Structures are given as C-alpha cells and as structure tokens.
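[1] need coordinates for the following:
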Amino acid sequence: MQNNKFLELNANENSLGMSDSAKQAIIESLGEGFRYPDNPRAALISKIATIHGVAENQISLGNGSTENMRAVIQMLQHKALKEGKAFQMVIPVPTFDCAEMYANSIGVPVVKIPLTAENYDYDFDELQRAADDFDGISLLYICNPNNPTGIITSTEKLKNWVSNAPDNHYFLLDQAYLEYVTDPSFESGIEWLKQGISDNLIVIHTFSKLCALAGMRVGYAISNPQAIETVEAFMSMDNTNLSGAVAAITTLNDAAFLALSLRNTNQSRQMIETVLDELGLRYLPSQTNFIFHEIKGDLKTYIDRMRESGIKVGREFPPVIGFNRLTLGTPDEMEVFIKVLKEFREKGWV
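    Numbers count the residues shown, from 1 in each chain. All right, here's what the predicted structure looks like:
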C-alpha cells in the first residue's frame with residue numbers, strides 16, 4: 001500500500017504518479033535551480049496558450065489553481081471596496097471548499113445554496129436569486145464537473161446564465177477535471193471565453209489531476225486580457241517554481257503518458273461501477289477521477305472502518321448524507337478496495 005501504510009483514495013490525486021519524462025525534466029533542471037524561473041514560466045504560458053487557442057496575455061499561472069482562486073476573490077473584494085459596494089460569494093454546497101475558505105479568511109460573506117435533492121445538480125434558480133437579490137458585486141463559484149459529486153451540469157443552462165448575467169455578477173468556473181469529461185453535451189468555459197460571451201468569466205484549471213503533478217503546485221486561470229491583468233496584481237511574484245514549470249511542460253508534451261493516465265482512470269472507474277452495481281449501491285455518473293457512491297449505514301463509521309482496513313476514503317460532504325467520495329486510484333489499488341468493500345458487505349456494514 002502507498003507509503004507502506006495507507007491506500008490513499010481520499011484526495012483525488014493521481015496515484016499513477018508523475019510521468020518518467022517529468023521526473024527526468026526536473027532532474028535536468030536542477031543545475032538551473034539558482035536562477036529565477038522566468039524562462040520556464042514563459043514557456044509554460046506559451047504552451048498552455050497554444051493548447052487552448054488563446055493569447056498568452058489571457059493566462060495567469062498559479063501556485064496551484066487555488067492561488068488563482070484566492071487572487072480572484074481578493075481582486076473583486078478590492079474592486080468592491082474601491083467602488084464603495086458590498087461584495088459576496090455565492091456557492092453551491094457541497095462543492096470544492098477552498099474558495100469558501102479563502103472568502104472566510106478575508107471576511108467575505110458566503111451564501112450557500114444546496115444542490116437539488118432529486119439529482120444533486122446545481123439549483124440554478126436559487127443560485128441566481130441569491131445574486132439578483134444582492135445590491136453589490138457577487139462572485140459565483142461553479143465547479144464543473146463538481147467535486148464531490150463528479151457530475152457535470154447542463155452546458156446550455158450554465159452558458160445561458162453566464163452570457164446573460166448583469167455586470168455586477170462574476171463567475172469563477174473551476175474545471176479541474178476537464179480532461180476526464182466524456183459527455184458530448186459538455187462545452188468548456190474556455191470555449192465561451194473565445195466566443196466572448198462574458199467579460200466577467202474566469203476559468204481555472206490545474207495540473208494536479210490528469211497530469212499527476214499535485215505536489216508540484218501548478219495551475220492557471222484563463223480569461224480576457226483585462227481581467228487577467230487585474231488578477232495578476234494579486235498574484236505572488238515568480239509563483240511557479242522551476243521544477244513545477246518544467247514538469248508541467250514536459251507532461252503536456254508526453255502524449256503517451258496522458259493517454260495512459262486517462263486510460264488508467266477509466267479502467268478503475270469501470271471496476272468500481274461494476275462492483276457498486278453488484279452490491280446495489282447507487283452512484284452518480286462520474287466525469288472525473290473519483291466516484292460519489294452510496295453507503296448503506298453510518299458514513300462516519302464506514303470511513304473509520306476503511307481507515308482501520310488501511311484505506312483512506314473521502315470525508316463527509318454535508319448537506320449530502322449517505323454518500324462517500326472515492327478517488328479512482330490505479331486498477332491494482334481498486335482491486336484492494338473492492339476486496340475490502342465486499343468484506344464489509346459480508347459483515348452487513350454497507
């Protein structure tokens with residue numbers, strides 16, 4: 001098991017590990033470790049721009065996409081203060097909670113709108129109402145596909161909402177799991193930026209998932225040039241380290257590894273869906289590297305029992321109850337999990 005102790009299926013990391021090419025690139029870059037990472041950062045920005053078909057001045061590199069997230073929140077808080085307006089953030093719950101944590105740390109009020117009870121999707125009417133009823137600047141954080149549910153929301157509804165929103169509504173669209181999406185109806189927010197549907201849309205993405213670089217802390221934001229220039233004022237200098245930059249560039253150029261990484265996750269997802277079907281445990285249709293599945297029994301007890309069995313699984317995600325988030329590790333790791341899950345069923349625990 002990982003680290004000779006636990007199977008870590010709780011943080012949506014890519015346990016396939018970094019590509020060999022990325023490791024080699026880091027080793028070869030060590031001789032330049034005494035220099036600032038300006039050139040590798042510039043090369044990475046150029047590579048990202050080429051991949052997405054946008055201009056280089058539409059990209060802001062982050063120390064993980066969570067830094068981009070923090071900078072957007074700070075930028076809008078500063079804008080609101082300068083204009084003498086109130087500022088709030090509106091989020092669905094449950095969702096990835098870093099945006100809420102950053103907002104709380106600087107005193108920005110956060111309005112939480114529960115997912116719909118019938119299918120755990122975003123409640124568009126209530127999210128929009130929370131912004132419409134507020135006399136000030138609202139930032140709407142949308143993670144799509146969502147974490148922890150793993151599902152995508154309607155492209156048509158979301159695009160229509162973003163494109164018709166008033167000037168005081170801003171959208172932070174988190175697409176950490178973009179490469180895993182297979183639903184043909186899905187359209188990336190990056191395409192919306194290229195179509196110019198809104199000046200108030202900022203899309204963030206990370207190298208922590210498919211590229212398996214969570215420990216390297218590399219992410220980025222994409223928006224229109226003016227928005228990126230404004231956000232950049234709140235980013236730390238030289239925030240992408242040399243190792244992270246060269247690892248990211250090399251991984252993006254390693255088509256064989258990216259294909260293996262995606263194939264690995266897809267195989268593991270199929271294995272878990274098969275056993276959940278066999279055990280009659282409901283799960284949501286995952287478009288990510290994790291799966292949100294039903295537990296018949298007390299969730300906290302289940303989490304504790306899994307840990308006692310050497311497996312870390314996801315935490316609780318209120319207000320949704322009775323579901324657990326499982327990171328899709330390697331097929332070998334899934335075999336271990338499946339064996340334990342079946343033992344739990346035999347004991348009547350799930």
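[2] where does pLDDT dip in the protein?
    Along the chain, the parts satisfying pLDDT under 70 run over 1-4.
[3] and it, what are its domains?
    2-17+256-346, 20-252 (automatic domain parsing).
[4] what would those domains look like in a markdown table with mean neighbour count?
    C-beta here means a position set from N, CA and C on the backbone, and glycine is covered the same way. As requested, those are arranged in a markdown table below (neighbours: other CB atoms under 10 Å):
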| stretch | mean neighbour count |
| --- | --- |
| domain 2-17+256-346 | 18 |
| domain 20-252 | 19 |
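[5] got the contact list for the spatially closest residue to Ser29 that is not a sequence neighbour?
    Excluding the flanking residues, the one nearest Ser29 by CB to CB, 6 or more residues apart in numbering is Val246, at 4.6 Å. Val246 makes contact with Ala22, Ala25, Ile26, Glu28, Ser29, Pro40, according to CB atoms under 8 Å, 6 or more residues apart in numbering.
[6] how far away from the center of its chain is the helix or strand encompassing the fourth one?
    Using DSSP states H and E, Glu28 maps to helix 20-29. Relative to the chain's own centre, helix 20-29 is displaced by 25 Å; criterion: CA atoms, centre = their mean, to the nearest Å.
[7] quick check: what element follows that helix along the chain?
    Counting by DSSP H and E, the next helix or strand C-terminal to helix 20-29 is helix 38-52.
[8] other residues contacting the next helix or strand after that next one?
    Next helix or strand after helix 38-52 toward the C-terminus (DSSP H and E): strand 59-62. Residues outside strand 59-62 that contact it (CB under 8 Å, 6+ apart): 41, 44-45, 48-49, 68-69, 71, 204, 218-223, 228, 231-232, 235, 239-240.
[9] adjacent strands (with direction) for strand 59-62?
    Strand 59-62 has the following sheet partners, assigned by DSSP bridges: strand 219-222 (antiparallel).
[10] what does the strand it pairs with contact?
    Applying CB under 8 Å, 6+ apart, the contact partners of strand 219-222 are 45, 48, 52, 54, 58-68, 71-72, 190, 193, 202-208, 228, 231.
[11] picking that back up, relative to Ser268, which of the contacts of Val246 is nearest.
    Nearest to Ser268 among those is Ala22, at 21.1 Å by CB to CB.
[12] show me the residues around that closest one that make contact.
    Contacts of Ala22 (CB under 8 Å, 6+ apart): Leu213, Val246, Ala247, Ala248, Thr250, Thr251, Asp254, Phe257.
[13] got the contact list for the last one?
    I take that to be Phe257. Contacts of Phe257 by CB under 8 Å, 6+ apart are Ser19, Asp20, Ser21, Ala22, Thr251.
[14] now do the first one: how many residues are near it, please.
    The burial metric for Ser19, expressed as a neighbour count using other CB atoms under 10 Å, is 22.
[15] my read is that it contacts Leu213, right?
    No: the criterion here is CB atoms under 8 Å, and Ser19 misses it with Leu213 at 9.1 Å.
[16] joint contacts of these two?
    Residues touching both Ser19 and Leu213 (CB under 8 Å, 6+ apart) are Thr251.
[17] ends of stretch 211-230, what's the gap?
    Length of stretch 211-230, first residue to last, CA to CA, to the nearest Å: 28 Å.
[18] oops, could you answer that again for stretch 94-111 instead?
    End-to-end span of stretch 94-111 (CA to CA): 12 Å.
[19] stretch 73-92 too?
    16 Å.
[20] off-centre distance for that stretch?
    The chain centre lies 22 Å from the centre of stretch 73-92; the measure is CA atoms, centre = their mean.
[21] cool, stretch 171-183 as well?
    Centroid separation between stretch 171-183 and its chain, computed with CA atoms, centre = their mean, is 7 Å.
[22] what of stretch 104-119?
    17 Å.
[23] same question, stretch 153-162
    Centroid separation for stretch 153-162 versus its chain: 18 Å, with CA atoms, centre = their mean.
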